[in-house]
Structures are given as structure tokens and as C-alpha cells.
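Novice: Sequence and predicted structure are below.
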Amino acid sequence: MGTIPLTEEERLEIEHRIAVLELEHGELDDIIARLAENPTQDQLQLRRLKKRKLFLKDTLARLRDKLIPDILA
């Protein structure tokens, strides 16, 4: 049982969302790296940023999965 194929508009919307989330993920990566260099950095803030980054990674994986059509076995 397959899923209904995406319309062109839906596919473009998902691709745009992926691009936006990839940008945010990359920015968070840079921020986390800079903050981690400072031992006096607020560890709670650092954990929150890492949690957000992980959430973005999971969301990106789900969105990319939507773009890959189901292959029947």
C-alpha cells in the first residue's frame, strides 16, 4: 500500500522547508561550536541549543523521506 504522490507544489514546499531548516541547523552548529569553546558558557543554554539542533536533524530526515517515493518490495 503506497502513499499518494506529492504534487509539484507540495514537493517544492518541502524542498523549501528543508533548505530553511538546513540553514538553521548549520547556524546552530556554528553557534554551539563557538559556545563550547568557552568553559564559562551557560551549560543549560548549550543543552537547549543542542536539543534544538537534534530536533532539526530529525525533522530534516522526515521531510527528506517524504520526497523519496515508496518502493514496493
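Specialist: In hand now; what should we look at?
Novice: show me the contacts for Asp29.
Specialist: Counting by C-beta atoms under 8 Å, 6 or more residues apart in numbering, Asp29 makes contact with Lys53. C-beta coordinates here come from the backbone N, C-alpha and C atoms, glycine included.
Novice: same thing but at 10 Å, please
Specialist: Residues touching Asp29, when contacts are defined by C-beta atoms under 10 Å, 6 or more residues apart in numbering, comprise 49-50, 53, 56.
Novice: can you list the weak-confidence ranges in this protein?
Specialist: Low-confidence segments of the chain, defined by pLDDT under 70, span residues 1-3, 70-73.
Novice: Show me the strands in it, by range?
Specialist: Assigned strands in the chain: none (criterion: DSSP state E).
Novice: how many other residues sit next to Asn38?
Specialist: Each residue near Asn38 was counted by other C-beta atoms under 10 Å, and the total is 9.
Novice: cool, Glu10 as well?
Specialist: 13.
Novice: related to what we said a few turns ago, any of the contacts of Asp29 buried? List them.
Specialist: Neighbour-count burial (16 or more other C-beta atoms under 10 Å) applied to the contacts of Asp29 gives 49, 53, 56.
Novice: Identify the residue nearest the first one in space, chain neighbours excluded?
Specialist: The spatially closest residue to Leu49, leaving aside those adjacent along the chain, is Ile32, at 5.3 Å (C-beta to C-beta, 6 or more residues apart in numbering).
Novice: Roughly how far does that neighbour sit from Leu46?
Specialist: Distance from Ile32 to Leu46, counting by C-beta to C-beta, to the nearest Å: 7 Å.
Novice: which neighbours do the two share?
Specialist: Shared between the contact lists of Ile32 and Leu46 (criterion: C-beta under 10 Å, 6+ apart) there are no residues.
Novice: on that earlier part again, name the nearest of the buried ones among the contacts of Asp29 relative to Gln41.
Specialist: Leu49 (10.1 Å; C-beta to C-beta).
Novice: can you put the contacts of Asp29 in CSV and add distance to Pro69?
Specialist: What follows is these, written out as CSV (distance: C-beta to C-beta, whole Å):
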residue, distance to Pro69
Leu49, 35
Lys50, 33
Lys53, 29
Leu56, 24
